[in-house]
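**Q** could you work out the structure for the sequence below:
(3 chains)
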Amino acid sequence: MAKSDEKRTLNKGPWSPEEDRKLIAYITRYGIWNWSQMAKPAGLQRSGKSCRLRWVNYLRPGLKHGNFTREEVETILDLHQKLGNRWSVIASRLPGRTDNEIKNYWNTHLSRRLKHNLMPKSQSFQTSIVETEPKSSSEIVLPPANAPEASFAETSGAIQLPLPSSNLAGEIDQSQTFEELQSILEQSFTAQGSYNAENSEAINAELEFL
DNA sequence: AAGTCATACAACCGCCGGAAT
DNA sequence: TATTCCGGCGGTTGTATGACT
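**A** All right, here's what the predicted structure looks like:
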């Protein structure tokens, strides 16, 4: 098929649970070797970029989703003040969070607040943070100080998953349930010595919605 | 209840830098 | 050295959902 035809037939938009499952299964079995070439053998009509984005931002084990903790928000504010829009650098300081997630959080929650507070950046954030119920959705609300702390387990970057030679390699097929995939992912992390309870929670969270 | 507006966030696009050839 | 390819980054858009009138 010509490249232009391939481009035309590529899926766009939201990922389906089935596509997620295929990507997880493929990466669990073969690891990450070349995004642009992985999609086809994985059975996905997606661009390599799309696959990479989906994995990095949502499927990768160890990711946290949901509300940012007070510590995380403070870290974002602090680092953004120092670094500007260097989201990937900021994300590297917030294990389990992605640059895209932080960027979205900034754009929807924090930047508007900055705009409304026509004060020097360094002061505006400190004084605009509220710790009670928000008066409007645009107001920054920090979690209580006793909220669970952010995990600092290292989770960023590509992971090394077992290759086909491992015992896990032959265990995945198209009819695999997510419970089974979850188990295999956990085994993958155990095998590489990076599995822990936080990974477990993250894997659960990732697979739950599927 | 229906229509409109605002918000949140998943995903895409274009660009850039580094590695490979 | 020049070219090509790939991965990564930041900006932006599209859409689903909730709030409001």
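
**Q** looking at stretch A:78-92 now, give me its mean pLDDT.
**A** Here stretch A:78-92 scores 92 as its mean pLDDT.

**Q** state the mean pLDDT of the helix or strand that residue A:105 is a member of.
**A** In this assignment (DSSP states H and E), residue A:105 forms part of helix A:99-105. For helix A:99-105, mean pLDDT rounds to 93.

**Q** that one packs against which elements?
**A** Where contact means 3 or more CB pairs under 8 Å, 6 or more residues apart in numbering; DSSP states H and E, helix A:99-105 is packed against helix A:87-92. All C-beta spots, glycine's among them, are computed from the backbone N, C-alpha and C.

**Q** do the helix it packs on and DNA strand B come into contact?
**A** No - under the criterion of CB under 7 Å from any atom of the strand, DNA strand B is not reached by helix A:87-92; the shortest gap measures 10.1 Å.

**Q** what comes up buried for that helix?
**A** Neighbour-count burial for helix A:87-92 flags A:87, A:90, A:91 (criterion: 16 or more other CB atoms under 10 Å).

**Q** cool, and stretch A:55-70?
**A** A:55, A:56, A:58, A:59, A:60, A:61, A:62, A:63, A:64, A:68, A:69, A:70.

**Q** same thing with stretch A:70-81?
**A** Result for stretch A:70-81 [16+ other CB under 10 Å]: buried residues A:70, A:71, A:72, A:73, A:75, A:76, A:77, A:79, A:80.

**Q** same check, this time on stretch A:32-45
**A** Buried residues in stretch A:32-45, defined by neighbour count with 16+ other CB under 10 Å: A:32, A:35, A:38, A:39, A:42, A:44.

**Q** now, which of these sits nearest residue A:99?
**A** residue A:35 (16.7 Å; CB to CB).

**Q** so what pLDDT did that closest one get?
**A** pLDDT, residue A:35: 93.

**Q** quick one: contacts for it?
**A** By CB atoms under 8 Å, 6 or more residues apart in numbering, the residues touching residue A:35 are A:48, A:49, A:51, A:52.
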